[in-house]
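Chemist: Need the 3D shape of this:
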Amino acid sequence: MRTLIFRDLLSNFRLWCGSFLVVIASAAILGVVATFLTTAVSAYSIGEIDDSAFEGLIGFVTMPAVLGSVTTVIVLLSVSGLAVSLQRRNYALWQVVGVSPDQITRVILIQLAILGCVGAGCGIFLGWLVTPSLFHSLAHRESTLRGVEVQLGFVGISVVLVTTIALALLGGLRAARKASTVAPVEALREQETVRARAGAVRWVIIITATGISIALGVALHSVPVAGIGSNGLTLGLFITVAIAAAAPLVVPSVVRCWTALIRPTWSVTWHLARKACLSRVRQTTTTVTPVMVGTGLVTTYSGVFATFQSARRTSGLSGTEQDVWSTVAVFGAPLILAGIAAAATIFMSNDVRTREYALLRAVGTAPSAILITAVFEAIIYATTALLLGLLVGGITTGVTWLAFRATAPTTVFTLDPTLTLTVAATALAAMCTTVLIPVAGGSRSHIQTILEIR
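Modeler: Numbering: from 1, shown residues only. You can find the predicted model right below:
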């Protein structure tokens, strides 16, 4: 059993390496949040900061902590499940040689636990290295925080470690059970089913998040102008969670609908890229979801804040203007994690792409056409995430705008897509870079070597 665990980790290094990077990034974000909270509590308990500074520090950390935690949960669950699903064929071969389903499940969970433990340790260390610089940047803006020592105690480390391992295990548990019980003949016949499904847990999350979103949308009309903005951001968060939970159903449908607007006769390479995205449902969903979460949160924030500024000016309220530093502080961690997760999921499935591109070369497809196909695939991912992100931000901003108009009728609906387009373009660049790896690798390899049965 021990030999099987570690040899599989080494033989599928590319796949597990992508998961490992996501775990490190997730743990680093959780570690930064835990360090800020621990520092605030410790400094307040020994009298280094007063009540006002403590409340301000907690308030500053709250929004990035919530957004970072939500993004971490969504990303870790998705990537862990994908890491297991991509190995369905291997697990089927294990069954053929006599490994029982219970043993397969046990091996997968141990591998995920190792991945989570080592990745969490690396992520906590990375977060510890980054946090002092972030805290000192904040201290330069808030004089009451100068001289405070950054701390991360045993409790904070334990919480981050346990949370990261638990999310990695939870994300791969359902996929592990499914992979270990599927008939070997069925698993060997095709790599991935094209049917989109949502389990019972997802349906509970979808219904709960949707219900809370509706309740918040109705309640906004009875909230003063000063409180609509913060509650509007919460509304956008729950809408994002609902769509992320429904991603296995929503993402394939959105890809199918908007890509159908472009005729297959326009470009053979476009047709190939579209078919590839629709045939790899889980990979497409896992790649799109993190970027969708990032663009949705950014669109919500920029739209609600801009609309709130309009309502504030027309109603005569005082407020603060949006600055770059605040935007980076709020969305920096979730966007970095979303970009890493999107690139990692593509990197994890590059073995499949390498084989597909080799098949295209075998039938005479030019290398330039394969290159364009890979770029089109990344464009489909990024565009789908952008459309869903704009949908989340548009709905949230529209609901908050109607709530603002109850008190300030001249409020202008404002949805500035500049920041959202910047995020989508950055994600597209990262995905293009990753998706071109098998193209470059395939051009240097013999087709027979790539296509041989292993």
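
Chemist: tell me the SS of V412?
Modeler: Three-state assignment for V412 (DSSP: H, G, I helix; E, B strand; the rest coil): coil.

Chemist: Now it. Its backbone dihedrals?
Modeler: phi -100, psi 130 (degrees, to the nearest 10).

Chemist: go on, G153?
Modeler: Torsion angles, degrees, to the nearest 10, at G153: phi -80, psi -180.

Chemist: That one against T38, yeah?
Modeler: Yes. G153 is within contact range of T38, at 5.5 Å (criterion: Cβ atoms under 8 Å). Glycine gets a C-beta too; all of them are placed from N, C-alpha and C.

Chemist: between the two, who's got more neighbours?
Modeler: Taking neighbours as other Cβ atoms under 10 Å, G153 and T38 compare with T38 leading, 20 against 14.

Chemist: Find the residue closest to T397 in space, skipping its chain neighbours.
Modeler: G303 (3.4 Å; Cβ to Cβ, 6 or more residues apart in numbering).

Chemist: buried ones in the helix or strand encompassing the one you found?
Modeler: Take DSSP states H and E as the rule and G303 turns out to sit in helix 281-315. Within helix 281-315, the residues that qualify as buried are 281-312, 314-315, counting by 16 or more other Cβ atoms under 10 Å.

Chemist: quick one: low-confidence parts of the chain?
Modeler: 1-2, 4, 139-147, 179-198, 315-330, 351-353, 363, 438-454 (pLDDT under 70).

Chemist: and L337, how many neighbours?
Modeler: Other residues close to L337 by other Cβ under 10 Å number 25.

Chemist: Also V162?
Modeler: With other Cβ under 10 Å as criterion, V162 counts 12.

Chemist: again, but for S80
Modeler: Neighbours of S80 (other Cβ under 10 Å): 28.

Chemist: Now it. Nearest residue, chain neighbours left out?
Modeler: G171 (3.0 Å).

Chemist: which ones are touching that neighbour?
Modeler: 76-81, 112 (Cβ atoms under 8 Å, 6 or more residues apart in numbering).

Chemist: roughly how far apart are it and L220?
Modeler: Distance of G171 to L220, given as Cβ to Cβ, to the nearest Å: 33 Å.

Chemist: Export the host helix or strand of S253 to CSV, keeping only CA atoms.
Modeler: Following DSSP H and E, the helix or strand that holds S253 is helix 247-259. Extracted C-alpha coordinates of helix 247-259, given in CSV (Å, rounded to 0.1, in the frame of the first residue of the first chain):
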residue,chain,number,x,y,z
ALA,A,247,-21.1,25.3,-12.0
PRO,A,248,-21.4,21.7,-13.3
LEU,A,249,-24.8,22.5,-14.7
VAL,A,250,-24.3,26.2,-15.6
VAL,A,251,-20.8,26.3,-17.2
PRO,A,252,-21.3,23.7,-19.9
SER,A,253,-24.7,25.3,-20.8
VAL,A,254,-23.1,28.7,-21.1
VAL,A,255,-20.2,27.4,-23.2
ARG,A,256,-22.6,25.6,-25.5
CYS,A,257,-24.9,28.6,-25.9
TRP,A,258,-22.4,31.4,-26.6
THR,A,259,-20.0,29.4,-28.7
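
Chemist: Next, the angle helix 281-315 makes with it.
Modeler: 80 degrees (axes from the mean of the first three to the mean of the last three Cα atoms, to 10 degrees).

Chemist: Next, the buried residues of helix 247-259.
Modeler: 247-252, 254-255, 259.
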